[in-house]
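Trainee: sequence unavailable; structure follows:
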């Protein structure tokens, strides 16, 4: 088993190194100059611009050769320094990200987990009930096929403007500062609800369809027919089918959890909800090398950790993996 | 096995812990004391440092509400308003004497004196990264000549026009707080919890808002009798204009300074109010200019540039791209607030307007004709003309505008295509001079026509043109005229007009760039909770510090000291909001 995980770790470290290198390279290959972009927003005096351009290029460490910037980048990274944001100058990138991340987790964690549970449950049921299959499946297809942006705008228009029962923007009332009271908690929930529901609906459709199709496939598999032929009760056959069908769903779940820091980009734009998705969009538009790097570093780590978690989860839930490892060791 | 009740209990504990970790002394703002504004911020607040001017968009109010300037300026009546300064005057051609108003205090109760003014200017002398440090190219010495008296001594040729501009843009900081700071803290520090002298104080912020609370001990109330009406100002940041529009319709926002294309309809239906009741609804804030790259053929030919000016269907841009919220610019490019500097005679003789037949006539007489029969003209030397007009991707109104520019140019026989690169790429092409033609509007409301001409005819021509003359129009005669304007005292209005007239004559003859339309001072508001907003019919001059001035309905950074703050002092609660 240690050999199995040792090899996995090596592959992950290599992937991490390559991904982070690409993450460092891509913004630098984009045409444009972040310092120039930053200063151009200030409508500055022309004489001043020249001097300031030099000063801030140096401050951001962009005045040295590219290979040196790359080495400096790794050096700083190992010291836990993500650099300073250009777009949100002079805030350190790590602070910008840490301030935004809680909103993403608050939104995505419940949406991902609840939609996964509910989607699998309904998908599995739909595979066995004609009535459910005729209602849940088309609904699921419609939900997953709906352009998310459109669904979000529709929800926001109907519930926030026409019916006026939910707020249209923000993470809590603009008339409040955070404090511990029922009014504040209520305000947070009220602002959270529409973005959450929009994410939940779309994800729910995807999970439900996936599970339904997998169950039908597994029930048609040879082992199911063999079990049935042996006279096993239907309950038992279904139990085995479910255990096999859930495997790809687990993979999907952990990949979804892997991008938790950035998975709500469109939601945050449509509902004007704070979070890292909106920051990534702005960082790219403003060519903020450091903020782009920082955000994608979190995504890379998230995806790798999620993959690692799948590897472990498979060892636990899928006996075949365990058997495979024994065979390998022998 | 975990029971449900245990899980629930754990979640509850976590929730409480999470809430207490962000716990500050929280409160709910009463609606009738709070003004909700939007449209200034485009990102989370990042600093409260008045010397980092380019980030002030995200924390508008740092300059204007917290830190204040020596003067304010009213562009509608062209009046400098003595503010932190009680008076200021040129005692001779290169000495300026300033009297600081007595009785002003910082929010930590220390008095604001001549010391603080001298210190602020000295900072720019020490640290070139401060935006107004170029002032020291012609400023020689700043001395404190009394507890409230400051004397500025200049070299032989002070830039009078720029100096006036500085007077209402440089924020004065308290010496007793800033003198112990390092260069890095001053030029790149976040300056949290700023101590200023202004009408409002920083209260709190989060990812999508800034909250300012009234300074009840403000000197302006004591010395000038001005009372800012809202106890709190909440500046809201929305992700898109769609959300901003929704918030306006819901009544969540009192004053929105976002560009919202549908406002003309909302005004007519009575949802919101704007400065003018009819088109263009908004005051004009800056000029959109089509810069032509004069280093490329055929844009190096004045006849070609002129033909293009007549070919562009600007009325269509106003109607389609902006839904009547902007207005066609004067051929000189000067804003309506600077109209007195427009030489109407020059404009009548040399001005241009949309006239496609005139465009084709100019092209034909200059030797541009369609040789290969593709419907587009070739240059007199027979080479093909294929040009691009650009603006940054995502600027939807401008994207629509360049489409119309391209199609109307094609209609006149000039092959122009519209392209929308990312902002970064656009900015690089702009400053390094690799574009063909592009839109730019970096000269806003100002006390002097020099601001616009400094953008249009920035010189000398350098490898990177970061702040003007992007088309690299190289004409020593024009540069000399702009320099002459810069060195004309602002009291010499006749002298300014004379130079402006020569600049306009040369500009409209050579047509190195084409002013197209005025972008608006986007502002729409409701009268639900707050009323007495400035409009065309409700903006009688009010007496402030010995002068009579008008108000502007704007919360943008740089506009607080141009009538934005005075709007706050004249607001009245309607009482209709609980």
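Mentor: Structure's in. What do you need? What you are looking at is a predicted structure, and each value in this text was computed from that prediction instead of being measured. Numbers count the residues shown, from 1 in each chain, chains lettered A, B, ... in the order given.

Trainee: got the phi/psi numbers for the residue nearest in space to the middle of chain B?
Mentor: Central residue of chain B (C-alpha atoms, centre = their mean): residue B:444, 4.6 Å from the mean position. Backbone geometry at residue B:444, expressed as degrees, to the nearest 10, gives phi -100, psi -170.

Trainee: which residues pair with it across the strands?
Mentor: Note on residue B:444: beta-bridge partners by DSSP bridges are residue B:286.

Trainee: isn't it up against residue B:286?
Mentor: Yes: checked against C-beta atoms under 8 Å, the pair residue B:444 and residue B:286 is within contact range at 4.3 Å. The way it works is simple: take the backbone N, C-alpha and C, and place the C-beta from them, glycine included.

Trainee: against chain B, how distant is the residue nearest to the spatial centre of chain A?
Mentor: Most central in chain A under C-alpha atoms, centre = their mean is residue A:259, positioned 2.4 Å from the mean C-alpha point. Using C-beta to the nearest C-beta, to the nearest Å, we find residue A:259 at a distance of 19 Å from chain B.

Trainee: next one: residue A:136
Mentor: With C-beta to the nearest C-beta as the criterion, residue A:136 and chain B are 26 Å apart.

Trainee: excluding its backbone neighbours, what's nearest that residue?
Mentor: Distance criterion C-beta to C-beta, 6 or more residues apart in numbering or on different chains; nearest residue to residue A:136, sequence neighbours excluded, is residue A:126 at 4.5 Å.

Trainee: okay, residue 225: pLDDT?
Mentor: Assuming you mean chain A. Per-residue confidence at residue A:225 stands at 89 (pLDDT).

Trainee: that's the other chain; I wanted chain B
Mentor: 94.

Trainee: that one - how many residues pack around it?
Mentor: Residue B:225 sits with 11 neighbouring residues when counted by other C-beta atoms under 10 Å in any protein chain shown.

Trainee: repeat that for residue B:112.
Mentor: Residues near residue B:112, counting by other C-beta under 10 Å, number 23.

Trainee: which residues touch it?
Mentor: Counting by C-beta atoms under 8 Å, 6 or more residues apart in numbering or on different chains, residue B:112 makes contact with B:84, B:100, B:104, B:105, B:106, B:172, B:174, B:197.

Trainee: for ChimeraX, write a command that selects the buried ones of those residues.
Mentor: Here is the ChimeraX command that selects only those of these that count as buried (16 or more other C-beta atoms under 10 Å in any protein chain shown):
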select /B:84,100,104,106,172,174,197
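
Trainee: just the contacts of residue B:112: which are in strands?
Mentor: Among the contacts of residue B:112, DSSP state E puts B:100, B:172 in strands.

Trainee: which one of the contacts of residue B:112 is nearest to chain A?
Mentor: Distance to chain A, by C-beta to the nearest C-beta, is smallest for residue B:172 among the contacts of residue B:112, at 18.3 Å.

Trainee: could I get the contacting residues of the closest one?
Mentor: Counted by C-beta under 8 Å, 6+ apart, residue B:172 has contacts B:67, B:68, B:69, B:70, B:84, B:112, B:116, B:117, B:120, B:197.

Trainee: could you pull out the strands in the stretch 1-150 of chain B for me?
Mentor: Here the stretch 1-150 of chain B has its strands, by DSSP state E, counting those that start in this stretch, at B:34-38, B:61-69, B:71-74, B:79-82, B:85-92, B:95-100, B:139-146, B:149-154.

Trainee: and the average pLDDT for the first one is what?
Mentor: Averaged across strand B:34-38, pLDDT comes to 95.

Trainee: for chain B, give me its nearest residue in the stretch 151-300 of chain A.
Mentor: Nearest residue of the stretch 151-300 of chain A to chain B (C-beta to the nearest C-beta) works out as residue A:179 at 1.9 Å.

Trainee: look up the pLDDT of that residue for me, please.
Mentor: Residue A:179 carries a pLDDT value of 85.

Trainee: from residue B:231, how far off is it?
Mentor: Distance, residue A:179 to residue B:231, by C-beta to C-beta, to the nearest Å: 18 Å.

Trainee: please apply the same query to residue A:250.
Mentor: Between residue A:250 and residue B:231 the computed distance is 54 Å (C-beta to C-beta).

Trainee: low-confidence ranges in chain A?
Mentor: A:1, A:42-47, A:325-330 (pLDDT under 70).

Trainee: can you get me a residue count around residue B:153?
Mentor: 13.

Trainee: in the sheet, who's paired with it?
Mentor: Beta-bridge pairing for residue B:153 (DSSP bridges): residue B:95, residue B:141.

Trainee: quick one: it and residue B:91 touch, right?
Mentor: No: Residue B:153 is not in contact with residue B:91 according to C-beta under 8 Å; the separation is 10.3 Å.

Trainee: how many other residues sit next to residue A:232?
Mentor: For residue A:232, the neighbour count with other C-beta under 10 Å is 14.

Trainee: now it, what's its secondary structure?
Mentor: Following DSSP: H, G, I helix; E, B strand; the rest coil, residue A:232 is assigned to coil.

Trainee: which residue ranges of the stretch 151-300 of chain A form helices?
Mentor: Assigned by DSSP state H, counting those that start in this stretch, the stretch 151-300 of chain A shows helices spanning A:182-219, A:222-229, A:234-258, A:265-270, A:276-285, A:289-317.

Trainee: contact partners for the residue of the stretch 201-350 of chain B found nearest chain A?
Mentor: Nearest residue of the stretch 201-350 of chain B to chain A: residue B:207, at 3.4 Å (C-beta to the nearest C-beta). Contacts for residue B:207 were tallied using C-beta under 8 Å, 6+ apart; they are A:99, A:100, A:103, A:171, A:274, A:275, B:44, B:237.

Trainee: nothing else from me, thank you.
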